[in-house]
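> Okay, here's the prediction I keep looking at, along with the sequence it came from:
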Amino acid sequence: MNKIILLSLIVLLSTACSFNKKNQAQLNNPISIPLGDPFIIQASDGTYYMYGTSEINGFKAYSSKDLINWTDRGVIYDKSDEKVWGKDCFWAPEVYERNGKFYLWYSANWMENPTNEAENFRIGVAVSDSPVGPFKNIYDHPVFDPGYPIIDANIYFDDEHNKTYLYYSRCCYKNPVESDASKWAQKKGWFNEIEESWVYGVEIKPDYSDVIGEPQLLLRPPVHKEDPQYEWESRSVTNHEVNRRWTEGSFIFKENDTFYMMYSANYFGGKDYAVGYATGKHPLGPFKKASNNPVLQKNTENDGIVTGTGHNMVLHLPDHQKLCVYHARTKDGGNQRIVFIDKLNIDDEGMLKVDGPTVGKVTY
C-alpha cells in the first residue's frame with residue numbers, strides 16, 4: 001500500500017478515535033440531588049433541567065450542561081400562585097417545552113374536599129416562559145376530576161395525528177380488588193383487603209382544559225398467581241409490608257412502531273420498589289407486559305447498596321442514546337431518595353434493558 005495512503009488512514013482512524021473519546025462522558029451514580037420522581041428535559045438551548053418531588057409545597061429545578069455538574073436553580077413553583085388549587089403533597093412534576101413555553105404537570109392534594117377524603121390527589125398544569133419559572137397555573141382547578149384520587153401525570157404528544165395524551169395512576173385509596181393476592185393475604189390473616197393502583201390513559205384537549213372521552217385502563221397488577229408478573233409485582237403484600245399493590249409512575253415513549261410504557265410496582269417507600277415495562281401499538285394500548293420484567297430493581301441481594309429503584313423516565317439524547325433516570329435509596333442514605341441515571345437499551349428483538357442500578361462511573 002502507498003505509504004501516503006497508509007499514513008492518511010492512520011490519521012483518519014486516530015481522529016475518529018479521538019472524536020469518540022472526546023464525545024463520551026461519565027456520570028457518577030448516585031447523582032447528589034435529593035429528589036424523588038426525577039424528570040429531566042433538554043431545552044432548546046441545549047441545557048438540561050431536572051425536576052422532582054422534594055419536601056417543599058412546590059417544586060425546585062436544577063440545571064446542567066453535561067448531566068454531570070448540576071446547579072440548584074431554586075423554587076420554580078409554590079403555593080403563592082394566585083390560582084393555586086393544591087393544598088399539599090406536591091408530587092411528580094414533569095415539564096415539557098412546547099411552542100416556546102414550558103408546561104409543568106404535577107400532582108397535589110385538591111383543596112376542594114367536601115367529603116374529607118384522606119387522599120384527594122388530582123393533576124394540574126402550570127406554564128412559564130422559562131424552564132426555571134416562575135410557573136403559574138393555567139387554571140384554578142385540576143385538569144379534570146375522575147371521581148377518585150390520581151397522581152403521576154405523564155404526557156405523550158402525538159404530533160403526527162395532532163393529539164395529546166395524559167397518563168396517570170389511580171391511587172390505591174378505596175380501590176380494593178379481588179385477586180389471588182388478596183385471597184392469599186386474607187387466608188394468612190394478614191390483611192382483610194388489598195387495594196390497588198392502576199394506570200390509565202386518556203386524550204386531552206389542546207388547551208389542557210379537560211379530557212376527551214373516557215380514561216382507558218392500561219395497566220394493573222396481575223389477578224392470578226399463574227401470571228408471570230405476579231411474584232415481583234406482589235412483593236409488598238407477600239412480604240407482609242402493606243395491604244396495597246401499586247402500578248404507578250408510568251412513562252411512555254415510541255421506538256420505531258412500538259410504544260413502550262414503563263411503570264413502577266410495589267410500595268414506593270420500600271426496598272422492593274421496581275420498574276417494569278409493557279409494549280403496544282397505540283398510545284392507548286392494549287399493552288402487554290414484558291417477559292423480562294422487572295428491568296430495574298434493588299441490588300442488595302448481589303452485595304449492592306441500592307434499594308427502592310423506581311418512578312423512572314427516559315431521556316433521549318441527541319446521538320440516539322437513551323438514559324433511564326430514576327430515584328432510589330442507598331444503605332448509607334436511609335430513607336432519602338436520590339437520583340440515579342443509567343443507560344437504557346432496546347435490542348433488535350425489541351427487548352428493553354436497563355444497565356443498573358449502577359454505583360460509580362457510567363459512560364455514555
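Yep, that arrived.
> Pairing partners for the helix or strand where P93 lies, with directions?
P93 belongs to strand 91-98 when assigned by DSSP states H and E. Strand pairing for strand 91-98, determined by DSSP bridges: strand 101-109 (antiparallel).
> Centre of the chain to the next helix or strand after the partner strand, how far?
Note on strand 101-109: by DSSP H and E, the next helix or strand toward the C-terminus is strand 121-128. The chain centroid and the centroid of strand 121-128 are separated by 16 Å under Cα atoms, centre = their mean, to the nearest Å.
> Relative to the next helix-or-strand element following strand 121-128, what are the paired strands and their orientations?
Downstream of strand 121-128, the first helix or strand assigned by DSSP H and E is strand 136-137. Next to strand 136-137 in the sheet, as set by DSSP bridges, lie strand 121-128 (antiparallel).
> follow-up on the earlier one: and the strand holding P93, what's its mean pLDDT?
On average, the pLDDT along strand 91-98 is 98.
> and if you look at stretch 130-139?
Stretch 130-139 comes out at a mean pLDDT of 98.
> Endpoints of it, how far apart?
19 Å (Cα to Cα, to the nearest Å).
> Then stretch 42-55?
Counting by Cα to Cα, you get 25 Å between the two ends of stretch 42-55.
> How about stretch 281-289?
One end of stretch 281-289 sits 13 Å from the other (Cα to Cα).
> okay, and for this structure, where does confidence drop off?
1-23 (pLDDT under 70).
> Just give me the longest strand of it.
Counting by DSSP state E, the longest strand found in the chain is strand 306-316.
> and that strand, what does it pack onto?
strand 36-42, strand 247-255, strand 258-265, strand 274-280, strand 322-330, strand 338-346 (3 or more Cβ pairs under 8 Å, 6 or more residues apart in numbering; DSSP states H and E). Any C-beta I mention is one placed from the backbone N, CA and C, and that applies to glycine too.
> relative to strand 258-265, how tilted is that strand?
160 degrees (axes from the mean of the first three to the mean of the last three Cα atoms, to 10 degrees).
> With only the CA atoms kept, save strand 306-316 in PDB.
Provided in PDB are the C-alpha atoms of strand 306-316 (Å, rounded to 0.1, in the frame of the first residue of the first chain):
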ATOM      1  CA  VAL A 306     -29.200   0.200  46.200                       C
ATOM      2  CA  THR A 307     -32.900  -0.400  47.000                       C
ATOM      3  CA  GLY A 308     -36.200   1.200  46.100                       C
ATOM      4  CA  THR A 309     -35.500   1.800  42.400                       C
ATOM      5  CA  GLY A 310     -38.400   3.400  40.700                       C
ATOM      6  CA  HIS A 311     -40.500   6.200  39.200                       C
ATOM      7  CA  ASN A 312     -38.300   6.500  36.100                       C
ATOM      8  CA  MET A 313     -38.300   8.400  32.900                       C
ATOM      9  CA  VAL A 314     -36.300   8.000  29.700                       C
ATOM     10  CA  LEU A 315     -34.100  10.800  28.400                       C
ATOM     11  CA  HIS A 316     -33.400  10.600  24.700                       C
END
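> All set now, cheers.
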